[in-house]
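Trainee: build me a model from this:
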Amino acid sequence: MTILSIVITLLVVALLAKPMGIYLVKAFDYQQTGLDKIYGPFEKLLYKIGGIKQVNQSWKQYALAAVLANAFMIVLVYMVFRFQGILPLNPGDIAGMEPTLAFNTAISFMTNTNLQHYSGESGLSYLSQMIGILFMMFVAPGTALAVVMAFVRGLAGNKLGNFYVDLVRSITRVLLPIAFITGLIFVALGVPQTLEPTVTAHTVEGAEQSIARGPIGSFLSIKELGNNGGGFVGVNSAHPFENPNAISNFMQILLMMLLPTSLPFAYGRMVGNKKQGRVLFVSMAMMFVVLLGTSLAYEYQGNPILNDLGMQHDQGSMEGKEVRFGTGQSVLYAVVTTASETGAVNSMHDTLTPISGLITLSNMMLNTVFGGVGAGFINVLMYAMIAVFLSGLMVGRTPEFLGKKIEGKEMKLIAITLILQPLLILGASAIALFTPLGSDGISNPGFHGLTQVVYEYTSSAANNGSGFEGLGDNTSFWNISTGIVMYIGRFFGLVTMLAVAGSLASKKLVPETVGTFRTDTSLFGVILVGTILIVGALTFFPTLVLGPVAEFLTL
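Mentor: Okay, here's the model as predicted:
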């Protein structure tokens, strides 16, 4: 039954992908569409209030607008976190955040990472949750969705558009309506939605227990849809208030995958090559299925040591997992949340078997197994250009992508973008392991401790936000270092890839000939997957060998 439920979930995801992709094309079409009658009046009001003029921007103007707008909002919510102790809607009398923790949290949520170095229910007031966290949960994915649409327009040879217009459309036409409807569904399923304070309950043993609650239903829907992942409560979607049953778990997986899986279909229509969009979707789906199947196999096999002692559960490794979800749904959730760069968890990833831990790490390191809202798909297209370039070198022909020549300027920008992530992850991990400021936070010795550190920085650089847990990360060192990694990992790649799109948009189309390497065939799909595995995976292979692989071999 577990495997059947997983298959049904993935089939529903696949069925929703194409219709959602078609909707995205209409939502971001600058021409008159039927959606303008619904959203147009409200958007015009927002444009008027914000002084937004619907004029096209160059890639530099678009990138500058995105970076500056997000930087301003980081400062704004940082102040909210620092002064939440004296602001209203704080029934729990929660004090203002410590400076480095507020710095980390503001950057974390504005970069769509949602890495939490605090316990959700005890670290933030209701005001901070609603006008700080919830606000960023819309703006952060809205920024990435806007940028990917500008990027695709550039690849198609069109003007990039206007960042502020695209950001407004991301929120009003995509994120807000879907989050509103699904938020009501979550409340109907039993997720709390209230401004009442924490409840004190008396247990049967006579002890007192504090039960946190709050506006969780509205928080939960955008948390998953926007690939945010941060939990209202500390244990995230393992808590029954954030994930009460199998239906809510199913809904969360659908929301996490909805936008990432729809982008290939939107891309295919926008560039005028639907077949290429399908090839990209199938390529990513193949990688996802292989990684999921491998993780399921090893998690059901469990820990060999516990098997020898007769302590292993007959349903696989249940350590760190909720009984109401079981091994299968916990593994599916773990693979989905790292593949979609969401970061929400319904089990503790620290307790996964070594191979499953390796797979969650690999999803984030590659950031191409669908990836998060916008940023992940930009990475997929980056690897597609690398695949075209390598193929061109092998046959001695100038590589072309969508009828535009990929030349030195574009490849330099792509190379810089490609190198950045391993530099951030491995460089920061080396510093953390070298200094006591970082190594003192490790709770597990040996290979597992190394994985804890690498996972933390991988989650930060990939803007995922899930934690391996067990790491003492609420210190000035970890707050500042991961904050810097999150910010650079988010915006550097978006800017460089916008520069690639701007460069390609200005080039003339090259006539297709018999020597043109087609990018809408199954052969290209195989080459793309091979490029991702060779160029991407091998970059991190030595580190994975020292961490989860070594741990697996010592069991």
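Trainee: CA atoms for contacts and neighbours, from now on please.
Mentor: Fine.
Trainee: which SSE is immediately downstream of the helix or strand Ile6 falls within?
Mentor: Using DSSP states H and E, Ile6 maps to helix 2-27. Sequence-wise, the next helix or strand downstream of helix 2-27 (DSSP H and E) is helix 35-50.
Trainee: now the residue of the chain most remote from its centre: phi and psi?
Mentor: No residue in the chain sits farther from the centre than Gly206, which is 42.9 Å out by Cα atoms, centre = their mean. Per-residue torsions, Gly206: phi 90, psi 0 (degrees, to the nearest 10).
Trainee: residue numbering should commence at 752 henceforth.
Mentor: Taking 752 as the first residue, the last one we looked at is Gly957.
Trainee: and the helix holding Ile757, what does it pack onto?
Mentor: helix 997-1021, helix 1077-1090 (3 or more Cα pairs under 8 Å, 6 or more residues apart in numbering; DSSP states H and E).
Trainee: and Ser1068, which of the ones you listed is closest to it?
Mentor: helix 1077-1090 (6.6 Å; Cα to Cα).
Trainee: next one: that closest one to chain centre, how far?
Mentor: 14 Å (Cα atoms, centre = their mean, to the nearest Å).
Trainee: avg pLDDT for that helix?
Mentor: Across helix 1077-1090, pLDDT averages out at 93.
Trainee: now for the next helix or strand after that helix, which elements pack on it?
Mentor: Heading C-terminal from helix 1077-1090, the first helix or strand you meet, by DSSP H and E, is helix 1105-1117. On a contact count with 3+ Cα pairs under 8 Å, 6+ apart, helix 1105-1117 meets helix 1025-1052, helix 1077-1090, helix 1197-1212, helix 1301-1304.
Trainee: quick one: the ones you listed as a markdown table, columns for distance to Pro892 too.
Mentor: Listed next are the helices and strands packed on helix 1105-1117 as a markdown table, based on distance: least, Cα to Cα, whole Å:
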| stretch | distance to Pro892 |
| --- | --- |
| helix 1025-1052 | 20 |
| helix 1077-1090 | 15 |
| helix 1197-1212 | 16 |
| helix 1301-1304 | 35 |
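Trainee: quick check: longest helix of this structure.
Mentor: When the chain is parsed with DSSP state H, its longest helix is helix 1227-1256.
Trainee: and the end-to-end length of stretch 1296-1306?
Mentor: Start-to-end span of stretch 1296-1306 (Cα to Cα, to the nearest Å) is 14 Å.
Trainee: correction: the previous question concerned stretch 774-789.
Mentor: 14 Å.
Trainee: and stretch 1143-1153, by the same measure?
Mentor: 14 Å.
Trainee: ok, now stretch 842-849?
Mentor: End-to-end distance of stretch 842-849 (Cα to Cα): 19 Å.
Trainee: stretch 952-968 too?
Mentor: 22 Å.
Trainee: same check, this time on stretch 1266-1286
Mentor: Across stretch 1266-1286, the straight-line distance between its terminal residues is 25 Å, by Cα to Cα.
Trainee: any weak-confidence spans in this protein?
Mentor: 752, 1054-1067 (pLDDT under 70).
Trainee: and the residue nearest the centre of the chain, how far from Thr1119?
Mentor: The residue lying closest to the centre of the chain (Cα atoms, centre = their mean) is Glu1092, at 2.3 Å. For Glu1092, the distance to Thr1119 equals 10 Å [Cα to Cα].
Trainee: any common contacting residues for the two?
Mentor: Common neighbours of Glu1092 and Thr1119 (criterion: Cα atoms under 8 Å, 6 or more residues apart in numbering): Gly1127.
Trainee: of all the helices and strands packed on helix 1105-1117, which one is nearest Gln812?
Mentor: Checking the helices and strands packed on helix 1105-1117 against Gln812 by Cα to Cα gives helix 1197-1212 as the closest, at 24.7 Å.
Trainee: which parts of the closest one are buried?
Mentor: For helix 1197-1212, a neighbour-count test (16 or more other Cα atoms under 10 Å) marks 1198-1212 as buried.
Trainee: from these, which is closest to Val898?
Mentor: Nearest to Val898 among these, with distances taken as Cα to Cα, is Ala1212, at 18.0 Å.
Trainee: can you name the element that comes right after the longest helix of the chain?
Mentor: helix 1273-1282.
Trainee: and the contacts of that next one?
Mentor: With contact meaning Cα under 8 Å, 6+ apart, helix 1273-1282 is reached by Val1030, Leu1031, Val1033, Ser1034, Met1035, Met1038, Tyr1134, Ala1135, Ile1137, Ala1138, Arg1269, Thr1270.
Trainee: which one of the helices and strands packed on helix 1105-1117 lies nearest to Glu947?
Mentor: Closest approach to Glu947 among the helices and strands packed on helix 1105-1117 (Cα to Cα): helix 1077-1090, 30.2 Å.
Trainee: next, Gly893: phi, psi?
Mentor: With angles defined as degrees, to the nearest 10, Gly893 sits at phi -60, psi -40.
Trainee: and the residue nearest to it when sequence neighbours are not counted, what does it touch?
Mentor: Spatial nearest neighbour of Gly893, chain neighbours left out: Ser921 (5.0 Å); criterion: Cα to Cα, 6 or more residues apart in numbering. Applying Cα under 8 Å, 6+ apart to Ser921 gives the contacts Ala778, Gly893, Thr894, Leu896, Ala897.
Trainee: which two in those residues are spaced the farthest apart?
Mentor: Most distant of the contacts of Ser921, by Cα to Cα, are Ala778 and Thr894, 14.7 Å apart.
Trainee: quick one: which of those two has more around it?
Mentor: Remark: of Ala778 and Thr894, Thr894 carries more neighbours, 27 against 21, as counted by other Cα atoms under 10 Å.
Trainee: which SS state does that one fall under?
Mentor: helix (DSSP: H, G, I helix; E, B strand; the rest coil).
Trainee: contacts only, for the nearest residue to it once chain neighbours are set aside.
Mentor: For Thr894, ignoring the flanking residues on the chain, the nearest one in space by Cα to Cα, 6+ apart is Leu918 at 5.8 Å. Shown in contact with Leu918 (Cα under 8 Å, 6+ apart): Val890, Gly893, Thr894, Leu896, Ala897.
Trainee: list the buried residues of the helix or strand containing Leu918.
Mentor: Here Leu918 is covered by helix 914-920, with elements defined by DSSP H and E. By neighbour count on 16+ other Cα under 10 Å, the buried set for helix 914-920 is Phe914, Tyr915, Val916, Asp917, Leu918, Val919, Arg920.
Trainee: name the nearest residue to the fourth one, sequence neighbours excluded.
Mentor: On the basis of Cα to Cα, 6+ apart, the spatially nearest residue to Asp917 that is not a chain neighbour turns out to be Ala897, at 5.0 Å.
Trainee: the one you found: what's it in contact with?
Mentor: If a contact means Cα under 8 Å, 6+ apart, then Ala897 has Phe914, Asp917, Leu918, Ser921, Gly1125 as its contacts.
Trainee: before I go, just wanted to say thanks for your time.
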